[in-house]
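A.B. asks: structure for this input, please:
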Amino acid sequence: MNHNPVMLSEVLATLSPQNEETYIDATFGAGGYTGAILDKTACTVVGCDRDPEAKERAEDFKKKYKDRFLFVAGRFGELASLVPEKTYDGIVFDLGVSSPQIDNPERGFSFKADGPLDMRMEKRGLSAADVVNTFEAKEIARILWVYGEERRSRAIAKAIVEKRPFHTTGQLAELVRSIVGFERKGFDPATRTFQALRLYVNDELGQLERGLEASEKLLKGGGRLVVVSFHSLEDRIVKMFLKKRSGGLPHASRHLPDAPRQNPLFEMKDRKALLPTEEEIKVNPRARSAKLRWAIRTEGEA
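C.D. replies: Below is the predicted model of the structure:
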């Protein structure tokens, strides 16, 4: 697996880091974006991540960048209470699972290598194994449909309940493949099921909604919000958030024409998502499904 941060040149171009400014890398991961931002200008970066292994990796960044780098442990949905209380010049989100997480079979994120059926970013709380081994078929099917958009969700859920317990990623992936079948070259039938379980176990969509709301409070006027997503559910949330906050969606009911309308909190420079280049996809296949959306914070009051 390639550890190159996805769409790095586009992230730097849209974030536009400047000397003496302060930025938040809300998904520190392996530190790819943080390092590039700090190397580009004499700025400061606050890195945030919920994964305890990311906190360990951050120690090397503290040694290299000294007081230009600060790491805070926690979920980016709680960003406003984690980072130092001030306003920031930019925030970048790189959503989904990080390369170190998916590369390590022991974390249970990948169906490509057998490992414990875990998927917990914080290594605590409800695991994927807990879901498939204890939830009712109806609830498992709902999770697979809502979070994975898996059309065979009911059949998969029924088979899971009949054949459980499941302890490894390989066991679950094999079952899903036998039900879904191979639809197209290069796409593993287990993809949507694993995505759904991961999103559910880590409340990733809820965290994203809360993280975006936090960004409008943390960014100063002129500050930039940059979000890289990897599937339609994430991208839809980002797209609708920016549309609404930039005045692209109605704020008041048509039945209440005199209701006040909120001033736009963001200005969108690109209405359409930016996509990775063909050259990057060849070098870094993980970039294939990436989409980047960005906006500039206005002076409007959150």
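
A.B. asks: where do the strands sit along the stretch 201-302 of the chain?
C.D. replies: Under the criterion DSSP state E, counting those that start in this stretch, the stretch 201-302 of the chain contains strands at 219-229, 266-267, 291-297.

A.B. asks: please work out the average pLDDT along the last one.
C.D. replies: Taken as a whole, strand 291-297 has a mean pLDDT of 98.

A.B. asks: and that strand with strand 219-229, angle?
C.D. replies: Relative orientation of strand 291-297 versus strand 219-229 (axes from the mean of the first three to the mean of the last three Cα atoms, to 10 degrees): 170 degrees.

A.B. asks: quick one: strand 291-297 to chain centroid distance?
C.D. replies: Distance of strand 291-297 from the chain centroid (Cα atoms, centre = their mean, to the nearest Å) equals 14 Å.

A.B. asks: go on, the shortest one?
C.D. replies: Mean C-alpha position of strand 266-267 versus that of the full chain (Cα atoms, centre = their mean) differs by 21 Å.

A.B. asks: one more: stretch 4-18?
C.D. replies: Centre-to-centre, stretch 4-18 and its host chain are 16 Å apart (Cα atoms, centre = their mean).

A.B. asks: can you get me the start-to-end distance on it?
C.D. replies: With Cα to Cα, to the nearest Å as the measure, the ends of stretch 4-18 fall 23 Å from one another.

A.B. asks: returning to that earlier point: could you dump the strands of the stretch 201-302 of the chain into CSV and include mean neighbour count and distance to G206?
C.D. replies: For glycine as for every other residue, the C-beta is placed from the backbone atoms N, C-alpha and C. Written out in CSV, the entries for those read as follows (neighbours: other Cβ atoms under 10 Å; distance: least, Cβ to Cβ, whole Å):
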stretch, mean neighbour count, distance to G206
strand 219-229, 22, 15
strand 266-267, 20, 21
strand 291-297, 23, 19
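
A.B. asks: can I get those in TSV with distance to D60?
C.D. replies: Output for those, formatted as TSV (distance: least, Cβ to Cβ, whole Å):
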stretch	distance to D60
strand 219-229	23
strand 266-267	34
strand 291-297	27
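
A.B. asks: what's the closest of these to L15?
C.D. replies: strand 219-229 (5.0 Å; Cβ to Cβ).

A.B. asks: picking that back up, mind checking the strands of the stretch 201-302 of the chain for the one nearest to L275?
C.D. replies: Closest of these to L275 is strand 291-297, at 6.4 Å (criterion: Cβ to Cβ).

A.B. asks: give me the neighbour count for A113.
C.D. replies: Summarising burial for A113: neighbours were counted as other Cβ atoms under 10 Å, giving 14.

A.B. asks: strands along the stretch 51-200 of the chain, start to end?
C.D. replies: Listed in chain order, the strands found in the stretch 51-200 of the chain under DSSP E, counting those that start in this stretch are 69-73, 88-94.

A.B. asks: show me which of those strands has the highest average neighbour count.
C.D. replies: By mean neighbour count, with neighbours taken as mean count of other Cβ atoms under 10 Å, strand 88-94 ranks first of these at a mean of 26.

A.B. asks: now do stretch 203-218, average pLDDT.
C.D. replies: pLDDT averaged over stretch 203-218 equals 96, rounded to a whole number.
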